[in-house]
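Enquirer: got a predicted model here, sequence first, then my questions.
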Amino acid sequence: MPTKAATQRAHKAAREGKKPTTQAGAFVREEMHKLHQGEAEVSSPRQAVAIGLSKARRAGVKLPPPPKGKASAGTRRKARRDYEKGQGRAKTSPTRSRGAKKAAQTRRRRAKRA
């Protein structure tokens with residue numbers, strides 16, 4: 001979870017009209033600081049940057065996912081999900097939705113038997 005200070009720095013940058021990458025810089029800086037302090041569970045600076053960008057997207061920074069060809073499909077999917085979550089409109093994945101429906105049906109059947 002990002003610190004309050006990083007979130008405030010990002011919001012300040014947004015108010016000043018800075019670009020989304022600059023706003024996300026506050027979150028990336030925080031992750032890099034953790035990495036240098038030895039507190040982070042990351043293995044490389046590149047991974048710290050990725051986590052920082054993910055946190056920025058989830059915090060509401062309007063940083064769209066990378067275009068096709070720039071990152072793997074899995075990375076783009078995760079970035080899109082983080083972005084939607086941050087913008088307040090993340091949809092439940094079809095797989096999770098099916099699982100929830102199936103669990104509810106199972107509970108109903110068990111309730112009838114008891």
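Expert: Good, I have the coordinates.
Enquirer: and the top helix by length along the chain, what does it pack onto?
Expert: Longest helix in the chain, counting residues (DSSP state H): helix 94-113. Contacting helix 94-113 under the criterion 3 or more C-beta pairs under 8 Å, 6 or more residues apart in numbering; DSSP states H and E is no other helix or strand. Every C-beta, even on glycine, is put in place using the N, C-alpha and C of the backbone.
Enquirer: list the contacts of Leu63.
Expert: By C-beta atoms under 8 Å, 6 or more residues apart in numbering, the contact set of Leu63 is Pro20, Thr21, Gln23, Ala24, Leu53, Ala56, Arg57, Tyr83.
Enquirer: would TSV of the residues you listed with secondary structure and pLDDT be doable?
Expert: Formatted as TSV, the contacts of Leu63 follow (DSSP: H, G, I helix; E, B strand; the rest coil; pLDDT from 0 to 100):
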residue	secondary structure	pLDDT
Pro20	helix	94
Thr21	helix	94
Gln23	helix	94
Ala24	helix	95
Leu53	helix	95
Ala56	helix	95
Arg57	helix	95
Tyr83	helix	93
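Enquirer: report how many residues lie close to Arg58.
Expert: 19 (other C-beta atoms under 10 Å).
Enquirer: in the helix or strand containing Glu30, what counts as buried?
Expert: Of the helices and strands defined by DSSP states H and E, Glu30 is found in helix 20-37. Within helix 20-37, the residues that count as buried by 16 or more other C-beta atoms under 10 Å are Pro20, Gln23, Ala24, Gly25, Ala26, Phe27, Val28, Glu30, Glu31, Met32, Lys34, Leu35.
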